[in-house]
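> Provided below for reference: sequence and predicted model.
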Amino acid sequence: MIIVDDRSKIENLTKLTYLSLNQNPLGTIPPLNNSKFRSLSLQDTSLRSAAFPTSYNGSLLHTIALSRNEIRSINEHDFAVLRNCKITKLTINSASVSNIDQNAFIPLIQLQELSLENNQLKSCEFLSTFRLLSSIKLDGNQFTSIPQELSAPKNIKSFFFTNNSISIIDESSPLHTWRTMNYTNIKIYLANNPFNCCQSLWFIQFLHTSPHFIGDASLLTCASPSSYAGKFLIKLNPDDMNCGGVKPNKSWWTTSRIIAVTVGGLVPVVALITVIIVFTRRSHSGYLRIVETDHPSDPDYEVIDGIDNRPPPTAPFLPPNELPFPTYGEDNDDNFSSYSTAVTRQTSGSQAPTLSTAAGVSAIDENRS
């Protein structure tokens, strides 16, 4: 811990430009008032806050290092007194930082390099507030995807996200915007992230078409699925990747398809045959009823002297088992056999129609004799 005497000795060093108080148990940033030094390093000094005392107002600091502390949270006003300073580089690595206020870095209007490596950050809303920042290091944090804030990179040319938990990169990623907007001189570093290659097929294709955006493209490897673990993304072809499970055996697959097609084809055929049979039977039955019924409404129908001049209908062909035979015992007319289905008309000798029976005997209409 720096006591008053120690602080006064430091402030009296008028030619001091670089001050390092590393590994001293300070607890807080000491209220030094020396406008001469340009660099301040307070690494591993047990800091629990990044708040700068008012004594730094108007200082000429260019670089500040607050790494290896227990800062945990960076609040909106922690750097407020540095508004008029020319801070161009700020390093807060391995400081257990898990939360940063969106407006925390606004006072650092000259900031060009920011390093927040090996903390516990999951988001970076503060990225949109920088004016001149050209490089941001967020390696070793807890990001699971590329933040959407990168869609508008402004002046930032280098983004470092190595050793995070990014597993999926698809077309919703800011990288899609980079390519669409045809940005130039922008790079992102993504080595040592646990990529799921089957869910990052878009990104693998992106590596082939736009590798200039990925500063370490040749180092990226798959972590899952197991069939691709350890393989380099740049060497994979999305069109050849099997991401739908184990491919079926071709012979088994072909046989199954044949069976399915055969069974599927037989079902409608059987159904069609059944419909035809039913329709045929109903048609035959209906035709017999028509033959046995007079049709006085027929325009060709004419009766001369009580005789129907309409030609007799041709008897339909029916299978043997469907012939219109009478039930045994119903054929009681000895002069006329109903077993014949051939109907003929004789015109010689009589105007009365005669019917030929199966035995060749003619039956004459007795009412006409």
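Right, received. Where do you want to start? Note that the coordinates shown come from a computational prediction; the quantities given were computed from them, not determined experimentally.

> got a pLDDT number for Ser59?
Ser59 is assigned a predicted lDDT (pLDDT) of 87.

> if I look at it, how far off is Thr88?
Going from Ser59 to Thr88 by Cβ to Cβ, to the nearest Å gives 13 Å. Any C-beta I mention is one placed from the backbone N, CA and C, and that applies to glycine too.

> got it, and Phe126?
17 Å.

> what about those two, which has more around it?
Set Phe126 next to Thr88 and count neighbours by other Cβ atoms under 10 Å: Phe126 wins out with 20 against 17.

> that one: what secondary structure?
helix (DSSP: H, G, I helix; E, B strand; the rest coil).

> do Ser227 as well
Once three-state DSSP is applied, Ser227 turns out helix.

> what's the local residue count around the nearest residue to Ala152 once chain neighbours are set aside?
Counting by Cβ to Cβ, 6 or more residues apart in numbering, Ala152 lies nearest to Ser128, which is 7.0 Å off, once chain neighbours are set aside. Per other Cβ under 10 Å, the neighbour tally for Ser128 reads 12.

> pull the contacting residues for Ser128.
102, 149, 152 (Cβ atoms under 8 Å, 6 or more residues apart in numbering).

> output the residues you listed as a markdown table; include the columns distance to Thr221, pLDDT and secondary structure.
As requested, the contacts of Ser128 are arranged in a markdown table below (distance: Cβ to Cβ, whole Å; pLDDT from 0 to 100; DSSP: H, G, I helix; E, B strand; the rest coil):
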| residue | distance to Thr221 | pLDDT | secondary structure |
| --- | --- | --- | --- |
| Gln102 | 34 | 96 | coil |
| Glu149 | 26 | 95 | helix |
| Ala152 | 30 | 93 | coil |
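
> narrow those to those that are buried.
Buried members of the contacts of Ser128, scored by 16 or more other Cβ atoms under 10 Å, are Glu149.

> with respect to Pro25, which of the contacts of Ser128 is nearest?
Nearest to Pro25 among these: Gln102, at 31.6 Å, using Cβ to Cβ.

> wait, what's in contact with the residue nearest to Phe105 when sequence neighbours are not counted?
Among residues not flanking Phe105 along the chain, Phe126 sits closest, at 5.6 Å (Cβ to Cβ, 6+ apart). Applying Cβ under 8 Å, 6+ apart, we find Phe126 in contact with 100-105.

> among the residues you listed, which ones are in strands?
Here DSSP state E is the test, and the contacts of Phe126 give Ile100 as lying in strands.

> which residues of the stretch 1-150 of the chain score low on pLDDT?
1-5, 34-35 (pLDDT under 70).

> ok, which stretches of it are helices?
4-11 (DSSP state H, counting those that start in this stretch).

> sorry, back to before: how close does the residue nearest to Phe105 sit to Phe213?
23 Å.

> just Ile186 next, same as before
The value you get for Ile186 to Phe213, if Cβ to Cβ is used, is 6 Å.

> with Pro225 instead?
Distance from Pro225 to Phe213, by Cβ to Cβ: 25 Å.

> check Lys15 too.
Distance from Lys15 to Phe213, by Cβ to Cβ: 46 Å.

> out of those two, which sits in the busier spot?
Legend: neighbour count by other Cβ under 10 Å for Lys15 and Phe213, higher for Phe213 (18 against 6).

> quick one, what contacts the more buried one?
Residues near Phe213 by Cβ under 8 Å, 6+ apart: 175, 178-179, 183, 186-188, 206.

> read off the pLDDT value for it.
98.

> kindly report the same for Ser348.
pLDDT, read off for Ser348, is 43.

> begin at 608 from now on, thanks
Got it, first residue is 608 now, which makes that one Ser955.

> for the strand or helix carrying Ala830, packing partners?
If you go by DSSP states H and E, Ala830 is part of strand 829-831. For strand 829-831, the elements it packs on are strand 802-803, judged by 3 or more Cβ pairs under 8 Å, 6 or more residues apart in numbering; DSSP states H and E.

> now the element after the strand it packs on, going C-ward?
helix 808-816.

> quick one: average pLDDT of that following helix?
97.

> quick one on the thing from earlier: now the contacts of Phe733 as CSV including distance to Glu618?
Shown next, in CSV, are the contacts of Phe733 (distance: Cβ to Cβ, whole Å):
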residue, distance to Glu618
Ile707, 31
Asp708, 31
Gln709, 35
Asn710, 31
Ala711, 28
Phe712, 27
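
> PyMOL command to pick out the buried ones of the contacts of Phe733?
To isolate the buried members of those in PyMOL, using 16+ other Cβ under 10 Å:
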select buried, resi 707+711+712
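
> nearest to Leu689, of the contacts of Phe733?
For the contacts of Phe733, the nearest to Leu689 is Phe712 (10.0 Å; Cβ to Cβ).

> and the closest one, how far from Thr769?
Phe712 is 22 Å from Thr769, by Cβ to Cβ.

> kind regards, and thank you for your time.
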